[in-house]
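Visitor: return a 3D structure for these sequence lines:
(chains A and B)
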Amino acid sequence: MNWFENGWGLSLIVFLPVIGAAVVLAMPKAKEAAIKWVALIFALVTLALSVVLAVQFDYSAADTYQFGTPIDTPWISAINAHFHIAVDGISLPMVVLAALITVLVIIYSWNHWPEPHNPKLLLAFVLILATGMTGTFVALDLVLFFVFFEVVLLPMYFMIGIWGDTSIRTVPVFGWKMEMRLYASLKFFVFTLFGSAFMLLGFIALYFKSEEFLGYRSFSIVELSDLGAAGVFVGTFGMLVFLGLFLGFAVKVPMWPLHTWLPDAHTAAPTIGSVILAAILLKLGTYGFIRIAIPILPDEALRWAPFIGVLAVIGIIYGSFACLAQTDMKRLIAYSSVGHMGFVMLGIATMTDVGINAAIIGMVAHGLITGLLFFIAGSMSHRYHTRDMRRIGGTMVKMPKMGVLLGFAAMASLGLPALAGFWGEFMALLASFDPNPLIGETSLFRGLMVVGAIGTVLTAGYMLYMLRNVDFGSPSAEFADTPLEDVDTAEWLAWTPLVLLTLAVGIFPGIIFNATNDAVISLVAKAFGG
Amino acid sequence: MFDLDYHALLPEGILAITVLVTLVVDLVTRKKQLVAVTAIIGMFAALVPVVTLAFCDSLAFCTSTGAERVLFGGSYVVDGYSLILKGLFISAAFVVLLLSVGYLASDRYYQGEYYFLLVASALGAVVMASSRDFITMIVALELVTGPAFLLVGWRKGDEKSNEASIKFFIIGVLALALTLFGVSLLYGLTGSQQFDGIAAAAASLEDVPLFILGVIFVIIGFGFKVSAVPFHLWTPDTYEGAPTPVAAWLSVGSKAAGFVALLSVAYLALPSVASIWGPLLWVLAVLSMFFGNLVAIKQTNILRLLGYSSIAQAGFMLAPFGASAASGADELATQFAATVTYLVIYAVMTLGAFAVVIVIGSRLGSYELKDWRGLNMYAPGLSLGLAAFFMSLAGIPPLAGWFAKFAMFSATIGVGNWWGYSIAIIAALNAVIAFVYYAKVVKTAYFVPVPDGVDVSMLENVPVGGPIGFAIGLTAFGVILLGVYPGFAANLGEFTTQIFASAGL
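Guide: Model (predicted):
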């Protein structure tokens, strides 16, 4: 297995999906069955490889980069950018999650094709997305990171634009009437591009600055993190660079007040688009904070931590209240993401190992649970032909299995102990009680903890509100006589792994912490000096 | 009389012969395709000596003369910089010829003269790349533009084409007059036509008002050529009215020639007075980016959209110049390389975009975006090409355009002062604005249903073959290769900077 450890295995995990996409695109459009199988096989092999990766991973050295290509693998020699990819304990869970979600999305698609019917193109986009997502999680070169970070934009743009919601919506401020999908796809792209353009400026500024300390210019995350640990990127320079990175990552997370693209994009996207967006794409932002912003600019991270913490808590409260005002089921779940990602960001803002561990398990849990919620919401709107919670009701009577699964996902989402969602929220609050003393704002963070705790109550409120409307009661007159099919085979296959993993992570959070803990402790120790 | 280095002049020689041969072939045959074939073969043949000159050191038959070959007493230099741009011009002209074949055959155009003029224009561009004095440069620049005046009016029966041609001509002559006026001032004050002579004298003239005036006039004259705002007014009308392959040549060949003029004059003749032209070009770059991008959003005709896009892209390419006001020699070299890298990538993606637009537009009989709706339903391959080239123009990885923007950002941030930072931030904002209209094209092709009353029979299940298909394939390959492995373009850019080492700057 030497080739596997020398970076070839990881490269395969990153690039197999895009090869699959090329194969799918080359196949004739009419051969739908063959296209589906090819896409599934490519995704399954990628998942299998990433499972092998997780098994072979040396957990006793989780803070080191493993399975990587050599740090000096050439890519763009003129700017000293390298094809350096590797996993450590922080990226490993995300890589596996990305590969898993890709497989589940393809399985779910088997007989749930959004209109207009075009499996070939849709599956090609799913596979390209997989490459972009995994690549971002393993890239250890800023230019490489940037490229992968952006690669996910186009397929998602197409997904929302082609297969999205066709209802008409009035654009705020301008007052134009346009189709939801057209509005949402453009908004998604423009917001993200805005952030990442400034992120790129920050990367380039670091590149030039590194020459003062290294003697050459470097885009290497490893080398720049070493410089960051030595505390060289400070002052106005550090502040401006951090601002650039912050814009790039915060739009992606999304943090309040940069979140407005998210409810539109999630609501307009086809089911599998929402699932990928919620489960993986949002994590690219939080991952960027953990992998790049904190290690390279620790002093600035400390300086900005209170600000980030406050924004995170505003996001929690704002997201929860917005949820309570929704009538559209998908939009409610979308706003719940704003709240949940607020907890993740609160964990990161504490700049402690507990907080960042909380953030990572929160990311994984949110991926599993919100992925499941979007799957179910998609299936229900497919059957009811509406997402309006005032019209849907009594799902427990009409489709008991679907109703139970929705109940399970909602419980997990509101942070019920023994389910995955609990750990991220609980530990983020715990970490806010005792934030990094170097921030010097302990009392502020304790205040944030209290407000965040109120947020968990609100979360329970809106999830129960959704369950009351959708699950309980008797079916509305509109659907009383319509026979509706309960959970079908493809749905079972796609959802069971998510349910099981939600339970597993909830009961044994160690399966995540085992990978992340050492890596996080070492990251925090390096950045903030023990 | 002269002991000439014939190898160094071989590309120009082959092109000059091709110009004449196309005329003769046109005279003796009625099969006008033969003229096209002659021009294409000539163009390809001219590429060969460019390659042998570039790799002279490793070729047995080639007498190496070091990094550069100086001819005509320093007025004409063949070095890495000029070779790369010659390669660019010849390749671009080659692709434009491929685009022209089907286009000209589709209607009653004069064919023989068209190829003659296009090759002549390409010859001008190739001479341009080696010019190191003002007289050679202006003659070369007018050899690029002169034939283009005629080519723009090639659709004789079309009023728009006539209007485009007249507009282009009048503005072109005005630009020439301004440039010549500026050159006469510079010559009078420095006593030299050659760039190295001017460079030597310039430093002491920094505060002389007439000298400053001369620099400003020269830069403004070139501003017309690269269609920078506020000297852009001819661009959208000309692109819309001209035969589309000619618009492609204007957008790539002629614009690149303008940039080469600007690069040579700014960095080779006037590097010591960057404090004069730097702020001026900062303003032009900012205006071009904002104006080009904002106006492009409102366009409904794809050719006009490409026209404004070309203005905005010129703004991005001017950004490194704009950052130079207080740069040292190293930064100047980086900025120079960034603009060259941008030019190379810009040429590939713009030619590709024009190629796809020509196929779709001519087969649908419309260049109005509203008639292009739902293109993906009946022409998925071409839609994919359209999306790829326009997203590359928008700078979205992994398509080549991202690296062009990257190089530009890197050159502007790298100067480490607010001339650079400010223009980098403005360019970043503009990259976002630009996405809106490039996305509009993609949206039209993919997200909207096919309208009634559009005749799609020419596109549905009709494969794109022939020269233009080859051109699309070539540029598509380039856009993906340069996007995934941009080191190639970056190396070309770096390679040109050896000129700074040899000039001792």
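Visitor: how about the residue of the stretch 1-150 of chain A found nearest chain B: what's its closest non-neighbour residue?
Guide: Nearest residue of the stretch 1-150 of chain A to chain B (Cβ to the nearest Cβ) works out as A:A78 at 3.4 Å. (Each C-beta comes from the backbone N, C-alpha and C, glycine too.) The shortest distance from A:A78 to any non-neighbouring residue, by Cβ to Cβ, 6 or more residues apart in numbering or on different chains, is to B:A490 (3.4 Å).
Visitor: so the residue of the stretch 1-150 of chain A closest to chain B sits in a helix?
Guide: Yes. According to DSSP: H, G, I helix; E, B strand; the rest coil, A:A78 belongs to a helix.
Visitor: what sits against it?
Guide: B:G487, B:A490, B:N491, B:G493, B:E494 (Cβ atoms under 8 Å, 6 or more residues apart in numbering or on different chains).
Visitor: which one of these is nearest to chain A?
Guide: When these are compared against chain A (criterion: Cβ to the nearest Cβ), the nearest one is B:A490, at 3.4 Å.
Visitor: where's that closest one, which helix or strand?
Guide: helix B:487-496 (DSSP states H and E).
Visitor: before we move on, what about A:G9?
Guide: Per DSSP H and E: helix A:9-26 holds A:G9.
Visitor: only the buried residues of the strand or helix carrying B:F89, if you could.
Guide: Element membership of B:F89 [criterion: DSSP H and E] is helix B:80-105. For helix B:80-105, burial by neighbour count (16 or more other Cβ atoms under 10 Å in any protein chain shown) applies to B:80-104.
Visitor: what mean pLDDT does that helix get?
Guide: When pLDDT is averaged over helix B:80-105, the result is 89.
Visitor: ok, now stretch B:224-241?
Guide: Rounded mean pLDDT across stretch B:224-241 is 86.
Visitor: where in chain A is pLDDT low?
Guide: Along chain A, segments meeting pLDDT under 70 span A:1, A:530.
Visitor: burial measure for B:L306, as a count.
Guide: B:L306 is flanked by 29 other residues according to other Cβ atoms under 10 Å in any protein chain shown.
Visitor: okay but it is in contact with B:A247, surely?
Guide: Yes. Applying Cβ atoms under 8 Å as the test, B:L306 and B:A247 come out as touching, 7.3 Å apart.
Visitor: what is in contact with the two at once?
Guide: Common contacts of B:L306 and B:A247 (Cβ under 8 Å, 6+ apart): B:Y239, B:F354.
Visitor: tell me the pLDDT at B:V359?
Guide: Confidence score, pLDDT, at B:V359: 90.
Visitor: burial measure for it, as a count.
Guide: 26.
Visitor: list the contacts for the spatially closest residue to it that is not a sequence neighbour?
Guide: Spatial nearest neighbour of B:V359, excluding adjacent residues (Cβ to Cβ, 6+ apart): B:V464 at 5.5 Å. Taking Cβ under 8 Å, 6+ apart, we find B:V464 in contact with B:V359, B:G381, B:L382, B:I472.
Visitor: so the second one, which state does it fall into?
Guide: What that stands for is B:G381. Look at B:G381: counting by three-state DSSP, its state is helix.
Visitor: ok, the last one next?
Guide: Secondary structure assignment for B:I472 (three-state DSSP): helix.
Visitor: what about the strands in chain A?
Guide: A:74-76, A:81-82, A:168-170, A:177-179 (DSSP state E).
Visitor: check which helices and strands the third one sits against.
Guide: Judged by 3 or more Cβ pairs under 8 Å, 6 or more residues apart in numbering or on different chains; DSSP states H and E, the packing partners of strand A:168-170 are strand A:177-179, helix A:180-214.
Visitor: that one pairs with which strands, and in what direction?
Guide: Strand A:168-170 pairs in its sheet with strand A:177-179 (antiparallel), by DSSP bridges.
Visitor: buried set for the strand it pairs with?
Guide: Neighbour-count burial for strand A:177-179 flags A:E179 (criterion: 16+ other Cβ under 10 Å).
Visitor: near chain A, which residues of chain B?
Guide: Chain B comes close to chain A at residues B:380, B:384, B:391, B:396-398, B:402-403, B:406, B:409-410, B:413-414, B:416, B:424-425, B:428-429, B:431-432, B:435-436, B:439, B:443, B:446-447, B:485-487, B:490-491, B:493-494, as judged by Cβ under 8 Å from any Cβ of the partner chain.
Visitor: mind listing the strands for chain B?
Guide: B:69-71, B:76-78.
Visitor: how about those strands, which one is nearest A:A205?
Guide: Proximity to A:A205 (Cβ to Cβ) singles out strand B:76-78 among the strands of chain B, at 35.8 Å.
Visitor: and the contacts of that closest one?
Guide: Contacts of strand B:76-78 (Cβ under 8 Å, 6+ apart): B:D5, B:A8, B:L53, B:E68, B:R69, B:V70, B:L71, B:S130, B:S131, B:R132, B:T136.
Visitor: of all these, which comes closest to A:F242?
Guide: Nearest to A:F242 among the contacts of strand B:76-78, with distances taken as Cβ to Cβ, is B:E68, at 45.2 Å.
Visitor: for chain B, give me its nearest residue in the stretch 401-530 of chain A.
Guide: For the stretch 401-530 of chain A, Cβ to the nearest Cβ, closest residue to chain B: A:A527, 24.7 Å.
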